[in-house]
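# The amino acid sequence is not available; the structure is as follows:
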């Protein structure tokens, strides 16, 4: 099996090196990355993996956040020129964690008639500043994310998809779905966790707030409410205060561990320590350079039960998506009527 990961990045230097190295150790064979106008060192990191022969780097200078178009291009390239069997479409702040075995083990177990498998978002929350590297600080996970339809907060339940390679696949905004007549989704099973580190520092949030606002306001899909709030905080000079509203203090952690809303989770921290290169710089060893492949143990019964409960709300995703699609179709039909006979009739009446 050949497994390719697609990656869209802009100003993600604090996380992208770890993200790529982790997935190469977890079973990914090759990465296709699109760099969208990075200015913080992200481009140089991607170029280093390109020189190592593990990454194909594309550049996109648009400022209109055409994520679905750019990721679809990468996914189709993976299927065509690279001959992939499976494709994972990931963001720079996501780490795909198999519930057991490797990423390839999980995907190999998918029945042949299915072409799309879902991963469950699991959000890691900001903590007080103790280390500049996000994975050393962010070892607390949210156990009760908001409902999938709640777009007010970034910490809502959602799923991401991996799919069998298909030269005609279309990836939806956010990488939440992959569509093709040949790709039947496997529903109700989430064998992959997507460890999500979206808020890593006030500086990163500030870049993200401006980038998301500028990009999504030029995109037909538009920004979400939490993106609007982050941008408003940035403009008003309240970004630190806004970021601090998400930080889980030691007192918050004690209460959250007691009521089950929070959990300690050091898996990514420990995995990245295992593949780190020796020396003071935060760099990572590639598997062919002597780094051992990561192994993923089978979770215990209690962990399985907690995960099943958390993932169960994702059954509502399909209903939410279908409703959104029906609304979009209805709006298009109304717009067509406005452009057609109904519009002409209104013009005559006026």
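Cool, the structure landed. All values reported here derive from a predicted model rather than from experimental measurement. Numbers count the residues shown, from 1 in each chain.
# which stretches of the stretch 251-350 of the chain form strands?
Ranges of strands within the stretch 251-350 of the chain are 262-264, based on DSSP state E, counting those that start in this stretch.
# so where is it shaky, pLDDT-wise?
289-292, 316-350 (pLDDT under 70).
# show me where it has helices.
Counting by DSSP state H, counting those that start in this stretch, one finds helices in the stretch 251-350 of the chain at the ranges 267-274, 301-312, 315-339, 341-349.
# Just to be sure, residue 57 is in a strand?
Yes - checked against DSSP: H, G, I helix; E, B strand; the rest coil, residue 57 lies within a strand.
# residues near it, how many?
16 (other C-beta atoms under 10 Å). All C-beta atoms are positioned from the backbone trio N, CA, C, and that covers glycine.
# can you tell me how far residue 89 sits from residue 274?
26 Å (C-beta to C-beta, to the nearest Å).
# now do residue 96
Separation of residue 96 from residue 274 (C-beta to C-beta): 17 Å.
# Residue 163 too?
Residue 163 is 29 Å from residue 274, by C-beta to C-beta.
# So those two - more neighbours on which side?
Between residue 163 and residue 274, counted using other C-beta under 10 Å, the more crowded position is residue 163 (26 against 14).
# Need the mean per-residue confidence for the helix or strand harbouring the more buried one.
Following DSSP states H and E, one finds residue 163 within strand 159-164. The average pLDDT for strand 159-164 rounds to 93.
# what lines up beside it in the sheet?
Applying DSSP bridges to the sheet, strand 159-164 is found paired with strand 86-91 (antiparallel), strand 116-123 (antiparallel).
# Show me the chain divided up by domain.
The chain breaks down into these domains under automatic domain parsing: 3-199+246-313, 316-350.
# start to end distance for the first one?
Distance across domain 3-199+246-313, first residue to last, is 28 Å (C-alpha to C-alpha, to the nearest Å).
# swap in stretch 260-275?
31 Å.
# Show me how far that stretch is from its chain's centre.
18 Å (C-alpha atoms, centre = their mean, to the nearest Å).
# Can you add distance to residue 209 and give the domains of the chain back as TSV?
Listed next are those as TSV, based on distance: least, C-beta to C-beta, whole Å:
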stretch	distance to residue 209
domain 3-199+246-313	11
domain 316-350	24
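# any idea which of those domains is most buried?
Of all the domains of the chain, domain 3-199+246-313 has the most neighbours on average by mean count of other C-beta atoms under 10 Å, namely a mean of 18.
# what about the helices in the stretch 101-250 of the chain?
Counting by DSSP H, counting those that start in this stretch, the stretch 101-250 of the chain has helices at residues 103-108, 134-137, 202-217, 225-235, 239-244, 250-259.
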